[in-house]
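*Asks:* whatever this is, show me its structure:
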Amino acid sequence: MTPRVWFVVESGTDVRLVEGMATRWPLTVVARRIVGGREISQSTTAGFDLQVGPPSFIPFGVHVAIRIMTNRRCIDLIVMQGYGVAALCGNLAARLAGIPIVMLVCSPTEAYYACRRLDSSGRPFRRLEWAGLRLLAAINARVGRRYVVLSEYLASVVRGHGTARGVDVIPVYGIDAAVFGPSAEPREQVRRRLGLPTNPGLIFFSSRIAPEKDPDTLLAAIAALRRAGRDVRILHRSGGHAEFVRRASAHGLHDAVIAGPAIPPGPELANYYRASDVCVQASREEGLGFSPLEALACGVPVVAAAVGGLRETIVDGHTGWTYAAGDAGALAHAIAHALDDPTEARRRTELGRALVARQYERDAVFARFEGVVRSMVPAASPHDTPLAASF
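*Replies:* Next comes the predicted model:
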């Protein structure tokens with residue numbers, strides 16, 4: 001039996017995750033409307049049913065519960081992203097309806113929220129909201145049935161919430177080896193084709209502008225390198241590129257940034273990695289971090305903050321360079337080392353690329369996720385009515 005899967009998304013999701021599920025099961029995505037943003041990170045041609053609910057968290061949670069109960073006879077399994085209000089409503093509704101549910105945790109929500117205390121974006125930190133997130137996490141840990149998380153770090157986070165349920169570490173959506181791999185042409189030629197400067201010192205940074213990211217430390221590091229006489233530039237592609245350019249100007253780096261919109265995770269993005277000398281993942285917190293893995297797969301050295309799930313993939317002296325989060329001087333030193341010692345950079349990158357092939361290859365991780373889904377769905381589903389009309 002091919003299970004009919006519902007994927008509930010409270011705060012946006014990655015297109016690779018949706019596409020990976022849609023190619024394996026009949027998929028319905030129930031997503032909270034993101035005002036001014038996207039429910040799914042990029043456009044997709046994958047075949048699935050997208051149902052967008054209210055933009056506010058509590059109304060969306062109620063909407064999710066009603067949708068589950070209304071369509072309970074045509075749902076074989078629910079994948080619930082995160083552990084917020086929607087997860088609590090979905091867990092309770094799934095229990096009432098007798099539908100198996102797995103909580104997919106891609107980020108440490110309360111830790112990301114706490115980063116607002118350090119960020120200059122103006123998004124306020126409210127202790128009561130932070131406490132509410134922690135309370136929701138604890139309640140979901142008691143009513144939820146099973147977790148899938150991206151990293152051992154996230155496994156420790158959800159166990160810290162108090163769950164006694166199973167926790168599977170599966171870095172779902174993984175790295176597509178058919179797309180992300182070393183270039184067959186010289187880096188300078190890739191740069192010319194993309195209209196990029198051919199001189200060395202191009203630093204790739206693709207993180208969105210959010211409290212858990214740390215673009216200002218990267219900008220401070222680049223400013224220090226340029227003061228020391230290095231012609232380094234940042235290649236930035238994300239949905240927040242305009243804000244990144246604004247921050248760069250505040251650091252006196254208006255001429256040191258090449259920025260543009262986010263690129264879908266396909267061949268074009270792989271070419272931007274291949275055009276770069278170093279990839280930097282500047283974060284205050286990170287559930288796992290896929291940009292460094294994509295870079296390593298493309299043969300590009302990585303410098304990353306030693307936080308969260310990044311500590312499992314970017315190991316200093318082994319698969320890349322690390323620095324203490326917020327330490328611009330240490331970041332500048334690591335970037336300089338990666339640029340100045342190509343032999344060592346190649347050695348670390350090859351070890352990182354082998355790690356990606358061994359643990360993060362897309363087909364392998366989705367096969368593991370598929371195994372979890374099938375283990376939770378009865379061999380013969382009692383739900384045999386056609387998909388209900390939208391409520």
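*Asks:* other SSEs contacting the helix or strand hosting residue 19?
*Replies:* Using DSSP states H and E, residue 19 sits within helix 15-22. With contacts defined as 3 or more Cβ pairs under 8 Å, 6 or more residues apart in numbering; DSSP states H and E, the packing partners of helix 15-22 are strand 5-9, strand 27-32, helix 362-376. Glycine gets a C-beta too; all of them are placed from N, C-alpha and C.
*Asks:* may I see the buried residues of that helix?
*Replies:* 15-22 (16 or more other Cβ atoms under 10 Å).
*Asks:* look at residue 185 and give its secondary structure.
*Replies:* Counting by DSSP: H, G, I helix; E, B strand; the rest coil, the backbone at residue 185 sits in coil.
*Asks:* please apply the same query to residue 354.
*Replies:* helix.
*Asks:* pLDDT averaged over the helix holding residue 19 - what is it?
*Replies:* Here helix 15-22 scores 94 as its mean pLDDT.
*Asks:* residue 317: neighbour count?
*Replies:* Residues lying near residue 317 (other Cβ atoms under 10 Å) number 11.
*Asks:* that one against residue 348, yeah?
*Replies:* Yes - with contact defined as Cβ atoms under 8 Å, residue 317 counts as touching residue 348 (7.4 Å).
*Asks:* can you give me the strands in the stretch 51-200 of the chain?
*Replies:* For the stretch 51-200 of the chain, strands defined by DSSP state E, counting those that start in this stretch occupy the ranges 77-81, 101-105, 146-149, 166-169.
*Asks:* any chance of those strands in JSON lines with mean pLDDT and mean neighbour count as columns?
*Replies:* Output for those, formatted as JSON lines (pLDDT from 0 to 100; neighbours: other Cβ atoms under 10 Å):
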{"stretch": "strand 77-81", "mean pLDDT": "97", "mean neighbour count": "25"}
{"stretch": "strand 101-105", "mean pLDDT": "97", "mean neighbour count": "25"}
{"stretch": "strand 146-149", "mean pLDDT": "97", "mean neighbour count": "24"}
{"stretch": "strand 166-169", "mean pLDDT": "94", "mean neighbour count": "16"}
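*Asks:* count of neighbours near the residue lying closest to residue 180 once chain neighbours are set aside?
*Replies:* Nearest residue to residue 180 in three dimensions, chain neighbours excluded: residue 297, at 3.9 Å (Cβ to Cβ, 6 or more residues apart in numbering). By the criterion of other Cβ under 10 Å, residue 297 has 25 neighbours.
*Asks:* for residue 297, what are its contacts?
*Replies:* 175, 177, 180-181, 353, 356-357 (Cβ atoms under 8 Å, 6 or more residues apart in numbering).
*Asks:* quick one, which of those are buried?
*Replies:* Taking 16+ other Cβ under 10 Å as the criterion, what is buried in the contacts of residue 297 is 175, 180-181, 353, 356.
*Asks:* so what pLDDT did residue 391 get?
*Replies:* Note on residue 391: pLDDT of 30.
*Asks:* apologies, that question was intended for residue 244.
*Replies:* 94.
*Asks:* so the closest residue to it other than its chain neighbours, which state does it fall into?
*Replies:* In space, and not counting its chain neighbours, residue 244 is closest to residue 236: 5.2 Å by Cβ to Cβ, 6+ apart. What three-state DSSP gives for residue 236 is strand.
*Asks:* kindly provide the distance from residue 236 to residue 166.
*Replies:* As for residue 236, its distance to residue 166 is 39 Å (criterion: Cβ to Cβ, to the nearest Å).
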